[in-house]
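**Q** quick one: sequence plus predicted model below, questions after.
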Amino acid sequence: MDDPDSRLPPATQPPGPADPRHRPPPADGAARDQAAADGSPAALAALAAAMDFVAAALAPATLRAYRADWNHFLNWCREAGWTALPAAPHTVAAYLAAMATTHTSSVLERRLATLSRAHRLAGLDWPRAHPAIRNTLRGIQREHARPKQQAAALATDELIRLVETCQTTPVGRRDRALLLIGYAGALRRSELVAITREDIVFTTEGLRLTIPRAKGDQTGKGASLGIPRGSRPATCPVRALELWLDVSDCRFGPVFRAIDRLGVIGTRALHADSVRLILTRRAAIAGLTAPAGERLSPHGLRAGFITQAYIAGARDEQIMEHTRQKDLRTMRGYVRRAKLVSASPAGLLGL
């Protein structure tokens with residue numbers, strides 16, 4: 001069975017901060033102008049360093065989305081013959097209208113956030129409240145809005161079906177450990193593929209996992225969480241990880257690695273999108289599908305953990321500490337979805 005990661009295109013790095021076409025201007029517009037006017041090596045070096053720090057202030061995934069959105073707007077303006085920076089309100093309104101039938105409302109909001117950030121970094125006014133922009137967005141949402149497709153929560157029953165498809169081959173060992181650790185750790189896919197052997201400490205009770213940096217942890221303080229040993233060998237996340245480390249002979253570096261068609265285990269970490277491909281393939285083998293209006297996604301492992309833990313009686317603070325969430329409303333949202341029918345007051349009507 002082919003490893004899904006072997007079918008991924010080579011990872012492409014977003015244009016670096018040294019390429020002025022693909023980065024926003026520095027935060028200090030006056031400093032930028034002075035450096036450009038000066039043109040001395042020291043001034044240009046200081047300007048480049050400032051731009052690097054502007055980029056470093058964003059999480060890698062956020063920075064990639066920001067650059068992709070900005071490049072999309074630049075290309076659209078170039079084809080339309082309009083100025084991208086500063087962007088006139090009618091330009092932004094036309095841009096939104098051009099995406100009305102092909103992009104979701106959340107994507108349009110994110111594109112506006114990208115344009116706002118680019119203008120603010122350039123020291124330019126951003127006309128977000130201009131009627132042309134505001135009313136165009138409202139009209140699009142009124143005419144074309146559709147419910148956001150949420151990730152289906154993959155709780156313990158679904159996870160068991162997934163790992164039952166994992167054989168004792170290297171690919172099977174890796175996928176079993178990946179799914180079980182992702183579920184038990186309530187990990188985001190970016191956190192999952194970033195795990196290194198140095199981040200793991202095994203104990204008699206289970207393991208301690210260090211997450212050097214995660215979503216919302218912009219200053220790199222890191223977080224630690226514990227995963228106990230399971231009651232059943234077939235679904236124990238700690239045992240599954242121990243077996244995979246033994247098979248892969250992983251003593252340092254990335255834990256979850258690509259495996260080629262010949263079964264050779266590589267040294268580089270899986271691409272984050274490989275988690276989605278692995279989940280999709282395992283779900284197809286298991287005959288597992290998402291409920292109507294939902295989708296299969298790696299985020300379903302995290303949503304499933306929250307749902308299962310809450311139903312089992314875990315306290316809010318226990319779940320939030322493990323998942324590193326800061327907003328109680330977000331966490332409770334998963335639970336409300338899971339209990340939408342069972343906790344409905346309609347069940348009290350005696351029908």
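**A** Ah, there it is.
**Q** where exactly do the helices run in the stretch 1-150 of the chain?
**A** 29-38, 41-56, 60-80, 89-98, 105-121, 131-144 (DSSP state H, counting those that start in this stretch).
**Q** would you pull up how far the third one lies from the middle of the chain?
**A** Per C-alpha atoms, centre = their mean, to the nearest Å, the displacement of helix 60-80 from the mean C-alpha position of its chain is 18 Å.
**Q** what is the rounded mean pLDDT of it?
**A** Averaging pLDDT along helix 60-80 gives 83.
**Q** okay, angle between that helix and helix 105-121 too, please.
**A** Interaxial angle of helix 60-80 relative to helix 105-121 (axes from the mean of the first three to the mean of the last three C-alpha atoms, to 10 degrees): 90 degrees.
**Q** ok, of the helices of the stretch 1-150 of the chain, where does mean pLDDT dip lowest?
**A** Looking at the helices of the stretch 1-150 of the chain, the weakest mean confidence is helix 29-38, a mean of 44.
**Q** pLDDT wise, what is residue 145 at?
**A** Per the predicted model, pLDDT is 61 at residue 145.
**Q** so which bits of stretch 302-317 are buried?
**A** 302, 303, 304, 305, 306, 307, 308, 309, 310 (16 or more other C-beta atoms under 10 Å). Bear in mind the C-beta positions are built from the backbone N, C-alpha and C, glycine included.
**Q** with distance to residue 63 and pLDDT added, can I get these in CSV?
**A** Converted to CSV, those look like this (distance: C-beta to C-beta, whole Å; pLDDT from 0 to 100):
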residue, distance to residue 63, pLDDT
302, 22, 90
303, 25, 88
304, 29, 89
305, 27, 91
306, 27, 87
307, 31, 86
308, 33, 88
309, 32, 87
310, 33, 83
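**Q** filter those residues down to the ones in helices?
**A** 302, 303, 304, 305, 306, 307, 308, 309, 310 (DSSP state H).
**Q** relative to residue 162, which of these is nearest.
**A** Closest approach to residue 162 among those (C-beta to C-beta): residue 304, at 10.5 Å.
**Q** hmm, the closest one is touching residue 154, no?
**A** Yes - Residue 304 lies in contact with residue 154 (C-beta atoms under 8 Å); the separation is 4.0 Å.
**Q** between the two, what contacts are shared?
**A** By C-beta atoms under 8 Å, 6 or more residues apart in numbering, residue 304 and residue 154 have these common neighbours: residue 183.
**Q** with adjacent residues omitted, what lies nearest to residue 193?
**A** Leaving aside its chain neighbours, residue 193 sits nearest to residue 270 (4.7 Å; criterion: C-beta to C-beta, 6 or more residues apart in numbering).
**Q** ok, now which ones touch the one you found?
**A** Here residue 270 is in contact with 5, 193, 254, 256, 257, 258 (C-beta under 8 Å, 6+ apart).
**Q** same check, this time on residue 103
**A** residue 111.
**Q** mind running it again at 10 Å?
**A** 72, 96, 110, 111, 140, 144 (C-beta atoms under 10 Å, 6 or more residues apart in numbering).
**Q** sort out which of those are buried, if you could.
**A** Buried members of the contacts of residue 103, scored by 16+ other C-beta under 10 Å, are 96, 111, 140.
**Q** show me the domain layout of this structure.
**A** Domain assignment for the chain, taken from automatic domain parsing, gives 58-144, 152-338.
**Q** list just the one of those that sits closest to residue 346.
**A** domain 152-338 (15.0 Å).
**Q** where does residue 266 fall, phi/psi-wise?
**A** When read as degrees, to the nearest 10, the backbone of residue 266 gives phi -80, psi -170.
**Q** grab the nearest non-local neighbour of residue 143.
**A** Leaving aside its sequence neighbours, residue 143 sits nearest to residue 100 (C-beta to C-beta, 6+ apart; 7.4 Å).
**Q** thinking again about what came up before, check the gap between the residue nearest to residue 193 and residue 166 for me.
**A** Per C-beta to C-beta, to the nearest Å, residue 270 is found 15 Å from residue 166.
**Q** in terms of distance to residue 159, which of the ones in helices among the buried residues of stretch 302-317 ranks first?
**A** Taking those together and measuring to residue 159 by C-beta to C-beta, the closest member is residue 304, at 6.9 Å.
**Q** wait, the closest one sits on residue 160?
**A** No - taking contacts as C-beta atoms under 10 Å, residue 304 lies outside contact range of residue 160: 11.4 Å.
**Q** inside strands: which ones of the contacts of residue 270?
**A** Among these, the members found in strands (DSSP state E) are 257, 258.
**Q** as TSV, the contacts of residue 270 with pLDDT, distance to residue 176 and neighbour count would be great.
**A** Shown next, in TSV, are the contacts of residue 270 (pLDDT from 0 to 100; distance: C-beta to C-beta, whole Å; neighbours: other C-beta atoms under 10 Å):
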residue	pLDDT	distance to residue 176	neighbour count
5	47	16	24
193	93	16	23
254	95	17	18
256	96	11	25
257	94	15	21
258	93	16	20
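**Q** of the contacts of residue 270, which is the nearest to residue 297?
**A** Among these, and counting by C-beta to C-beta, the member closest to residue 297 is residue 193, at 15.0 Å.
**Q** which ones are touching residue 129?
**A** With C-beta under 10 Å, 6+ apart, residue 129 has these contacts: residue 89.
**Q** separation between it and residue 244?
**A** Distance of residue 129 to residue 244, computed by C-beta to C-beta: 53 Å.
**Q** residue 62 too?
**A** Applying C-beta to C-beta, the value for residue 62 to residue 244 is 30 Å.
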